[in-house]
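[1] What shape does this take:
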Amino acid sequence: MTLLESDPVIGMVHLDALPGAPKFDGDREATFRAARRDARRLAAGGVDAVMVENFGDAPFYPDDVPKHVVASMTRAATVVADEVGVPVGVNVLRNDSLADLAVAQAVGADFVRANVHVGARVTDQGVIEGRAHEVMRERERLGADVSVLADHDVKHSAPLGTESFVAESMADGVERGLADATVVTGVGTGRGVDLSDLEAVVARRDEYELDTPVLVGSGVTSDTVGEILETADGVVVGTALKEGGDVGRPVSEDRVEALVAAADEVR
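    Numbers count the residues shown, from 1 in each chain. Here you go, the predicted model:
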């Protein structure tokens, strides 16, 4: 059974600011030690996979990060992969999916997340356009066995155009963008998904007879994960797994265990 067939709980390794970012504190080794610690706690708490993200690098480059970011992300993903025995994913913010693939291929990661895979979104980085045509060809060229998890109506953004949340773009991400899974989020980090929106996306998936998992990628907690997994096919969790539910603090193994136990009640 592959990861996406198992209703996974994917835990986030939110990296501190990397070298070159405004909030970098000058101690790169501390950043990698923190990544190792959080990955270890996530795995010990029972998550099915972990995803490494340059969360501390705000303000983010829109879609083409400098080479030093790719190098640091490769180091961080290597540290995480060496620490855990579960699948590893990569997300280079804001939307450098080609860097995602490069890092994933280099470290043997299993999946990447594309925040804007098809269409165009208005974000705090400006207008970001999907690059599915480049990303999927690059995956083929590299021969990379890497799944692409593509956001639909991604958080911290708005659509450039008049399509509604459940419009044709959901199917486009899979049928035309060839994404391996769809990720549905709330409006921001740690913000919950409207269940009616989630149900609408799943209904659209079923209407088009698409064999594609739908994951929820924000606002999942131990109190809501059971209800969410009754509709969704997996979750990506960050904030709720941190000490005190504070996204800026370390992962809490106890909170991981509690959320995984709640998920297991319906899986």
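
[2] what residue ranges in this protein score low on pLDDT?
    1, 154-155, 160-171, 187-190 (pLDDT under 70).

[3] For the residue nearest the centre of it, give me phi and psi.
    In the chain, the residue lying closest to the centroid (Cα atoms, centre = their mean) is Arg113, at 4.8 Å. Phi and psi for Arg113, reported as degrees, to the nearest 10, are phi -120, psi 130.

[4] Surely it is in contact with Asn91?
    Yes. At 4.1 Å, Arg113 counts as touching Asn91 under the criterion of Cβ atoms under 8 Å. Where you see a C-beta, it was placed from the backbone N, CA and C, and this is true even at glycine.

[5] those helices in the chain, which residues are they?
    28-45, 67-83, 97-107, 132-142, 169-171, 195-207, 225-229, 253-264 (DSSP state H).

[6] looking at those helices, which is closest to His14?
    helix 28-45 (7.4 Å; Cβ to Cβ).

[7] Give the buried residues for the closest one.
    28, 31-32, 34-36, 38-43, 45 (16 or more other Cβ atoms under 10 Å).

[8] on that earlier part again, if I pick the residue nearest to the centre of the chain, what's in contact with it?
    Residues in contact with Arg113 (Cβ atoms under 8 Å, 6 or more residues apart in numbering) are 51, 53, 89-91, 100, 148-151, 183, 217, 236.

[9] Using JSON lines, lay out the residues you listed together with neighbour count and distance to Lys23.
    Listed next are these as JSON lines, based on neighbours: other Cβ atoms under 10 Å; distance: Cβ to Cβ, whole Å:
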{"residue": "Met51", "neighbour count": "28", "distance to Lys23": "21"}
{"residue": "Glu53", "neighbour count": "20", "distance to Lys23": "15"}
{"residue": "Gly89", "neighbour count": "26", "distance to Lys23": "23"}
{"residue": "Val90", "neighbour count": "30", "distance to Lys23": "21"}
{"residue": "Asn91", "neighbour count": "27", "distance to Lys23": "18"}
{"residue": "Asp100", "neighbour count": "30", "distance to Lys23": "22"}
{"residue": "Val148", "neighbour count": "24", "distance to Lys23": "29"}
{"residue": "Leu149", "neighbour count": "26", "distance to Lys23": "26"}
{"residue": "Ala150", "neighbour count": "28", "distance to Lys23": "28"}
{"residue": "Asp151", "neighbour count": "25", "distance to Lys23": "24"}
{"residue": "Val183", "neighbour count": "29", "distance to Lys23": "26"}
{"residue": "Gly217", "neighbour count": "28", "distance to Lys23": "23"}
{"residue": "Val236", "neighbour count": "23", "distance to Lys23": "23"}
